[in-house]
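Visitor: Pasted the sequence and its predicted model underneath.
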Amino acid sequence: MSVLARVWDSDVAYSFRRSPVAMISAFVLLLLLVSALFSRWIAPFNPFDLASLNLMDSLKPPVFMPDGEAAHALGTDDQGRDVLSGIMYGMRISVIVGASAVLFAVIVGVTVGLVAGYAGGLVDAVLMRVTDVQLSFPAILIALLVDGVVSAVLPRDMHEALTIYVLIFAIGISFWPQFARTVRGSTLVERSKEYVMAARVIGLSPARIMVTHILPNVMGPVLVIGTLTLGLAILSEATLSFLGVGLPPTQPSVGTLIRIGNDFLFSGEWWITIFPGISLVLMVLSINLLGDWLRDALNPRLR
Amino acid sequence: MALLEVTDLTVEFPTRRGVLRALDGVSLSIAAGEVLGVVGESGAGKSLTGAAIIGLLEPPGRISAGQVRLEGERIDGLPDSRMRQIRGKRIGAIFQDPLTTLNPLYTVGHQLVETMQAHLGLRASEARARAVDWLEQVGIPAAAARIDSYPHQFSGGMRQRVVIALALCAEPQLVIADEPTTALDVSIQAQIITLLKRLTREHGTAVMLVTHDMGVIAETADRVAVMYAGRIIEVGPVRDVVKHPAHPYTEGLMGSIPSLSARVGRLQQIDGAMPRLTSIPPGCPYNPRCPKVFDRCRVERPGLLPAGATQAACWLHADAAREVAHA
Amino acid sequence: MFAFIVSRVLQAIPVLLVVGLIAFAMFAFVGDPVTIMLGQDYTEAKRDALVAQLGLDQPFFVQYAKFMWNAAHGNFGISYRLARPVMDLIAERLPATLELAGVAASLALLIGVPMGVYTGLRRTAASARAFMIFSLVGVSLPTFLIGILLILVFSVLLRWLPSFGRGDVVNLGHWTTGFLTVSGLKALVLPAVTLCLFQLTLIMRLVRAEMLEVLRSDYVKFARARGLSRRAINFGHALRNTLVPVITIAGLQIGGIIAFSIVTETVFQWPGMGLLFVQSVRVADIPVMAAYLMLISVLFVLINLIVDLLYYAVDPRLRMSRPGAAR
């Protein structure tokens, strides 16, 4: 059977085909991702090209309300920026930050977990103590702290350019312990198995054993946790931006947009904050649904 | 009339690859006070039979055909509320791993008392006194003190004794013992089996003893049923099945038990493996591995046929004209 | 048990020391406090005097020790932003945060646990499915968005509840409470609901998952095999065993509420420690950040200790003081 046919016929793919929730979430997610990543070409306007903004367009309501225009389907904000385009550009940044942060957390966490589980002894004890301590603090607090400190350290003029990297670092740091814990547990289990002992007898170096033998076997749970963490990372970034310590209005993520729009809630222009909010929820919800489905599909006991 | 009669029991599991038949036309009967051993390899369906009898099949498994009768009344297909009155009081169960079978958060006394109160309507003080008595019967020293101990404070063998007490304390007529000694040290196994045998004899309880250990069966059972691929392929009095097995599979089983006295160059084994439930061959399920196979075996499935002192599902005994209805 | 507490406290000390080190190190990163405090023009002499006064010419670890000593006495220095002692600021804001967190935590537990048990027991009922969807959405909605939505509905559209501030508060010595006035209680509603939602859904899913796991366990199977009533099984065995691990995790989660209040307080302009913290992060007001970090660590250590004690009290397996079992 060809690779594609085998994948299609596998238990995981079967479970996917059978679950309308998984398929719909995947579709929605795909839609959001495509519109986000290709925003520069798809979005009707570029809301951050200052030259193209027209104050006459400001505070227009969405198309289904009186005074709405088809050109600005979801309305505009106080500077005439199109909300729909803002959402697309914003989501692009949100996704990039979230995905990069998770990648960072995975790399750090898996490495720590592998080393701790394989080495054992004092190394394991120390690493796990650090992990446990960090785990007892909520991620958002860690992210806030790291962001605050790093931003304070960097010279002011470099701030704007580096904000994204600082955010990725801060959020990534706040999530690595969960991966480390899980991978360490799996590594401990795998370490005592015979194929590892065989590899050691042959004389392979520990690094080689960890990467080529143990790593593939512990990736399963990492995948599930990674998906769920992606949703959390995107939410973290949105929260940080909302609090004012994330992305600035010149390069806004969805969280920044919500913060900007919040000021207009009481004066009646609800669309500036609500639509970005909806897009954020849709994205995270579909990621969570897919993550839930993935966890059930990969759980051998539920099959 | 037999205490328990199982007729043509079929248990199916709908899966995405089609319907799996885990038990296919299993028939057996147990008389009051009798010990019936059920023996076979892992996966042959022994535990499932027990689970089906007391109505504890894990969904999506279900009984798709056949009957289970307790003292003449049908009990398969009863709603859970009715089955609850039967379980514990008329049919008890002993499972394999005493560590996970006992709730770690409750004392053994509490678990005994709750069982007895559920079925015997005793006052708390009476139930407690009886609980101490049961612990003594199963051989726990200093029972009056140990009654307030937690399961983790007992050793494995002691825990299984507690489980036996729990299974018997509501005075059931039948106990289904599913691999009661498999999880225990070899040195303890004999003690537990002896205990089980003695207690059930004293209280007149019948036992369905499920195990893969032929030695235990030979010691304890009156009759034995051999299962293979979800069916019973031989049944009869223990001594006869062990000494003069009528089915080639049973022969193979007996032959593969190593003997301390004989000088053997190689251990005997049965080639091949029991078929997976998804690929049971037509005709007799044993035919691919049978050293005495012939054409009819590959085509027609044999029922239990009389074969001397036992009954075997094998065409070698087709000379006896009648098919026997039960084991 | 005393030894248990002592050992736990001893384990916590290095943690506090390390966190303190991190908190102290933050000062080192952020600019020169001397410059900040002296402004633009200063003489060398003035600078040297200030440096000596602040002890900035001492070696790193001496400064660290001094910092920890001060911290242990509640002296965290002066806020760069507000030019007031940090401890005063925190003491002012503490009641607001604690009241909010207390109400939110109670809500999360009182609603989350029963809902989790219900959806665990009734897996397929429509209402259970609805709760599950609700919980999923709850985990996907960021707290600040929930706050905004609630404000939109209840403050802007319906005008039932206020959208910022604490309302009128009553001064009780060191504590200010919003519980005793109508406006105080009204102001508490939206923030408390916002804050509790995330924890509530987390707890609900946790309890449900644990419940399902327990219902599949061997001891529940054995309880069913003993014919215990559904009530005895679900509430006596399953619930009890579910709650034990839930205690730990729920306890830690609740501890997180204090930190999560950061976001809620910002949305509702609730004058608590969280808002103070956010405002300090925005302008790199390190003394406040450091103080907050230390306080939160102490709080977490305390909560961990309480949870450990609870666990100890509830799970008999941890109380290994009784003599071992006889073989």
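Guide: Happy to help now that I have it.
Visitor: From here on, just use CA atoms for contacts and neighbour counts.
Guide: Will do.
Visitor: Do you know the pLDDT at the closest residue to chain A within the stretch 151-300 of chain C?
Guide: Nearest residue of the stretch 151-300 of chain C to chain A (Cα to the nearest Cα) works out as C:Val281 at 5.2 Å. Listed pLDDT for C:Val281 reads 82.
Visitor: That one: neighbouring residues, count only.
Guide: By the measure other Cα atoms under 10 Å in any protein chain shown, the count of residues near C:Val281 is 24.
Visitor: Same check on the one 5 residues further on?
Guide: For C:Ile286, the tally of surrounding residues (other Cα under 10 Å) stands at 28.
Visitor: who are the neighbours in contact with it?
Guide: C:Ile286 makes contact with C:Met26, C:Phe27, C:Val30, C:Ser79, C:Tyr80, C:Ser280, according to Cα atoms under 8 Å, 6 or more residues apart in numbering or on different chains.
Visitor: Now do stretch B:21-40: distance to the chain's middle.
Guide: 7 Å (Cα atoms, centre = their mean, to the nearest Å).
Visitor: Could you pick out the residues of the stretch 201-303 of chain A near chain B for me?
Guide: Residues of the stretch 201-303 of chain A found near chain B (Cα under 8 Å from any Cα of the partner chain): none.
Visitor: quick one: secondary structure of B:Gly25?
Guide: Three-state call for B:Gly25 (DSSP: H, G, I helix; E, B strand; the rest coil): strand.
Visitor: who touches it in this structure?
Guide: Counting by Cα under 8 Å, 6+ apart, B:Gly25 has contacts B:Thr7, B:Asp8, B:Leu9, B:Thr10, B:Gly66, B:Arg231.
Visitor: Would you mind listing what in the stretch 151-300 of chain B touches chain A?
Guide: Counting by Cα under 8 Å from any Cα, no residue of the stretch 151-300 of chain B is near chain A.
Visitor: and stretch B:41-50 with chain C, contact?
Guide: No: judged by Cα under 8 Å from any Cα, stretch B:41-50 stays clear of chain C, getting no closer than 10.9 Å.
Visitor: CA atoms only for that stretch - export them in PDB, please.
Guide: Taking C-alpha atoms only, stretch B:41-50 is exported to PDB below (Å, rounded to 0.1, in the frame of the first residue of the first chain):
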ATOM      1  CA  GLU B  41      -4.600 -19.900  26.800                       C
ATOM      2  CA  SER B  42      -4.800 -16.200  27.200                       C
ATOM      3  CA  GLY B  43      -7.400 -14.800  24.900                       C
ATOM      4  CA  ALA B  44      -9.400 -18.100  24.700                       C
ATOM      5  CA  GLY B  45     -12.400 -16.400  26.300                       C
ATOM      6  CA  LYS B  46     -12.300 -17.800  29.800                       C
ATOM      7  CA  SER B  47     -12.600 -14.500  31.700                       C
ATOM      8  CA  LEU B  48     -15.200 -13.200  29.200                       C
ATOM      9  CA  THR B  49     -17.400 -16.200  30.000                       C
ATOM     10  CA  GLY B  50     -17.300 -15.300  33.700                       C
END
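Visitor: which residues are contacting it?
Guide: So stretch B:41-50 is contacted by B:22-23, B:38-40, B:57, B:176, B:178, B:210-212, B:227-231 (Cα under 8 Å, 6+ apart).
Visitor: For the helix or strand containing B:Val163, which helices and strands make contact with it?
Guide: Element membership for B:Val163 (DSSP states H and E) is helix B:156-168. Judged by 3 or more Cα pairs under 8 Å, 6 or more residues apart in numbering or on different chains; DSSP states H and E, helix B:156-168 is in contact with strand B:91-94, helix B:98-101, helix B:108-120, helix B:124-137, helix B:186-203.
Visitor: who does the fourth one touch, helix- and strand-wise?
Guide: Taking 3+ Cα pairs under 8 Å, 6+ apart as contact, the helices and strands that helix B:124-137 lies on are helix B:108-120, helix B:143-146, helix B:156-168.
Visitor: tell me what the first one is packed against?
Guide: Which is helix B:108-120. helix B:124-137, helix B:156-168.
Visitor: Just the buried positions in it, please.
Guide: Within helix B:108-120, the residues that count as buried by 16 or more other Cα atoms under 10 Å in any protein chain shown are B:Val108, B:Gly109, B:His110, B:Gln111, B:Leu112, B:Val113, B:Glu114, B:Thr115, B:Met116, B:Gln117, B:Ala118, B:His119.
Visitor: The residue in the stretch 101-250 of chain B positioned nearest to chain A - how many residues pack around it?
Guide: Per Cα to the nearest Cα, the residue of the stretch 101-250 of chain B with the smallest distance to chain A is B:Thr101, at 19.4 Å. Using other Cα under 10 Å, B:Thr101 has 21 other residues around it.
Visitor: Please name the nearest non-neighbouring residue to it.
Guide: C:Tyr219 (4.2 Å; Cα to Cα, 6 or more residues apart in numbering or on different chains).
Visitor: residues in contact with the one you found?
Guide: So C:Tyr219 contacts B:Thr100, B:Thr101, B:Leu102, B:Asn103 (Cα under 8 Å, 6+ apart).
Visitor: tell me which element it falls in.
Guide: helix C:218-225.
Visitor: next SSE after that helix?
Guide: helix C:230-231.
Visitor: what's that next one packed up against?
Guide: Taking 3+ Cα pairs under 8 Å, 6+ apart as the contact cut, helix C:230-231 packs with no helix or strand.
Visitor: what's the neighbour count on residue 106?
Guide: Went with chain A since none was named. 26.
Visitor: nope, chain C
Guide: 15.
Visitor: All the helices of the stretch 201-327 of chain B, residue numbers only.
Guide: B:214-220, B:238-243, B:248-256, B:295-299 (DSSP state H, counting those that start in this stretch).
Visitor: could you dump these to CSV with mean pLDDT?
Guide: Shown next, in CSV, are those (pLDDT from 0 to 100):
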stretch, mean pLDDT
helix B:214-220, 85
helix B:238-243, 88
helix B:248-256, 82
helix B:295-299, 83
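Visitor: Present those helices as JSON lines; the columns should include distance to A:Ser174 and mean neighbour count.
Guide: Converted to JSON lines, the helices of the stretch 201-327 of chain B look like this (distance: least, Cα to Cα, whole Å; neighbours: other Cα atoms under 10 Å in any protein chain shown):
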{"stretch": "helix B:214-220", "distance to A:Ser174": "57", "mean neighbour count": "17"}
{"stretch": "helix B:238-243", "distance to A:Ser174": "66", "mean neighbour count": "18"}
{"stretch": "helix B:248-256", "distance to A:Ser174": "60", "mean neighbour count": "18"}
{"stretch": "helix B:295-299", "distance to A:Ser174": "65", "mean neighbour count": "15"}
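Visitor: Show me which residues of the stretch 151-300 of chain C are close to chain A?
Guide: So far as Cα under 8 Å from any Cα goes, the stretch 151-300 of chain C lies against chain A at C:152, C:156, C:252, C:256, C:259-260, C:263, C:266, C:278, C:281-282, C:284, C:289, C:300.
Visitor: looking at the helices of the stretch 201-327 of chain B, which is closest to A:Trp270?
Guide: Smallest distance to A:Trp270 across those (Cα to Cα): 76.3 Å, for helix B:295-299.
Visitor: could I have the closest one exported to PDB, CA atoms only?
Guide: Only the C-alpha atoms of helix B:295-299 are listed here, as PDB (Å, rounded to 0.1, in the frame of the first residue of the first chain):
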ATOM      1  CA  ASP B 295     -10.600 -32.900   5.400                       C
ATOM      2  CA  ARG B 296     -13.800 -32.700   7.400                       C
ATOM      3  CA  CYS B 297     -12.000 -30.600  10.000                       C
ATOM      4  CA  ARG B 298     -11.400 -27.800   7.600                       C
ATOM      5  CA  VAL B 299     -15.000 -27.500   6.500                       C
END
